[in-house]
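**Q** Sequence and predicted model, in that order:
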Amino acid sequence: MNFAAPWFIWCPAKDEEHRGSSSIESASVSAMKTSRIVAADISQAVVQDVLIDVTDGVGTITLDRPDRRNALSDAMINGFATALEELEASPKVGAIVITGAGSAFCSGGDVQDFHEHGGEGGGSLEVDQRAVEEQRRDQEATIGSIYRCRKPVVASIPGAVAGAGIGFALAADLRIATSRTVFATAFAAVGLAGDYGVAWLLDRLVGPAKARELMFLNPRIRGEECLAIGLVNWLVPDDELVSRTREVAERLAMSSSHALEGMKQNLLRAPKDDLSTSMYNEIPLHKATGLTENHVAAISAFVAKQNPTFSTGWHD
């Protein structure tokens with residue numbers, strides 16, 4: 001996955017030498033298993049088990065296996081990774097939405113498929129190291145890429161989200177749910193330790209004690225409690241999910257893309273840096289945004305007591 005070069009001149013972080021390959025500026029995840037979408041216009045592209053739409057600066061990826069509650073398949077994982085790469089690279093897209101077709105967001109691994117093949121390990125008595133490396137690539141190309149995406153990502157959650165599907169929701173920057181939304185880690189129920197970054201993401205969003213409760217005991221967390229414990233940002237009526245998601249995503253798409261990218265860089269670094277390091281590293285980004293046309297136009301609008309107008313899409 002090839003990210004576009006940063007629009008700013010990167011100033012090495014104060015603790016750059018200690019971060020190594022975990023740096024958020026890491027350019028890419030290699031070894032994609034599918035080719036890129038070879039279409040000049042991705043506004044209405046279709047990949048197996050995934051739908052892609054681009055409208056008014058918002059790119060939407062829909063997990064599309066409604067008959068299996070959008071359980072993950074190899075085709076879905078590959079298609080999702082490809083779609084996200086394309087939307088992140090597209091200058092027409094300023095914000096990205098992830099959602100699920102039908103009444104669910106994503107039910108995680110396909111347990112029916114596990115059953116038909118003798119379990120998650122395919123009936124083997126030994127761990128297949130090739131499968132380990134393949135899943136590592138898959139997880140980086142999906143969850144890792146959502147989390148590190150230069151553009152803001154919104155998860156729109158119409159119903160059930162379970163197991164690995166939780167990773168797709170929690171790796172997003174913002175989450176919108178309804179009273180029909182139900183989170184369940186589900187790993188304990190099928191005798192698995194958990195994957196797709198769910199434990200790490202839960203620990204950071206709800207804290208270590210609550211994360212352990214959710215992983216070990218597998219309670220069903222409904223919309224109201226999801227909001228109360230910080231799993232989601234907004235809870236809306238069922239019939240307002242699409243419109244509220246659109247409102248949030250379009251507002252992001254019409255914001256200053258330079259400022260949003262700089263903010264996200266700062267926020268991604270924050271958990272790893274102390275205050276002094278964070279302040280040291282944020283200055284180049286702040287100064288770079290001060291050189292943009294968006295900044296100049298925004299302060300002119302502020303002085304004139306008008307709302308700023310930014311171009312929809314993403315900077316080069």
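**A** That came through fine. Since the structure is predicted, the reported quantities are computational estimates derived from the model, not experimental observations.
**Q** the strands in the chain, which residues?
**A** In the chain, the strands defined using DSSP state E lie at 46-47, 50-55, 58-63, 95-100, 104-106, 153-157, 160-162, 174-178, 182-184, 221-222, 234-236.
**Q** when you compare where the second one runs with where strand 58-63 runs, what's the angle?
**A** Between strand 50-55 and strand 58-63, the angle formed by their directions is 160 degrees, by axes from the mean of the first three to the mean of the last three C-alpha atoms, to 10 degrees.
**Q** elements contacting strand 50-55?
**A** Using 3 or more C-beta pairs under 8 Å, 6 or more residues apart in numbering; DSSP states H and E, the elements in contact with strand 50-55 are strand 58-63, helix 74-89. Backbone N, C-alpha and C define where each C-beta goes, glycine included.
**Q** Other residues contacting the first one?
**A** In this case it means strand 58-63. Applying C-beta atoms under 8 Å, 6 or more residues apart in numbering, the contact partners of strand 58-63 are 42, 49-54, 70, 76, 80, 83-84, 87, 90, 92-101, 105-106, 168, 246, 249-250, 253.
**Q** follow-up on the earlier one: would you turn the strands of the chain into JSON lines with mean pLDDT, mean neighbour count and distance to Glu126?
**A** Shown next, in JSON lines, are the strands of the chain (pLDDT from 0 to 100; neighbours: other C-beta atoms under 10 Å; distance: least, C-beta to C-beta, whole Å):
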{"stretch": "strand 46-47", "mean pLDDT": "70", "mean neighbour count": "18", "distance to Glu126": "33"}
{"stretch": "strand 50-55", "mean pLDDT": "96", "mean neighbour count": "20", "distance to Glu126": "32"}
{"stretch": "strand 58-63", "mean pLDDT": "97", "mean neighbour count": "24", "distance to Glu126": "32"}
{"stretch": "strand 95-100", "mean pLDDT": "98", "mean neighbour count": "26", "distance to Glu126": "34"}
{"stretch": "strand 104-106", "mean pLDDT": "97", "mean neighbour count": "28", "distance to Glu126": "29"}
{"stretch": "strand 153-157", "mean pLDDT": "98", "mean neighbour count": "27", "distance to Glu126": "36"}
{"stretch": "strand 160-162", "mean pLDDT": "97", "mean neighbour count": "27", "distance to Glu126": "28"}
{"stretch": "strand 174-178", "mean pLDDT": "98", "mean neighbour count": "24", "distance to Glu126": "38"}
{"stretch": "strand 182-184", "mean pLDDT": "97", "mean neighbour count": "22", "distance to Glu126": "30"}
{"stretch": "strand 221-222", "mean pLDDT": "96", "mean neighbour count": "20", "distance to Glu126": "35"}
{"stretch": "strand 234-236", "mean pLDDT": "98", "mean neighbour count": "19", "distance to Glu126": "45"}
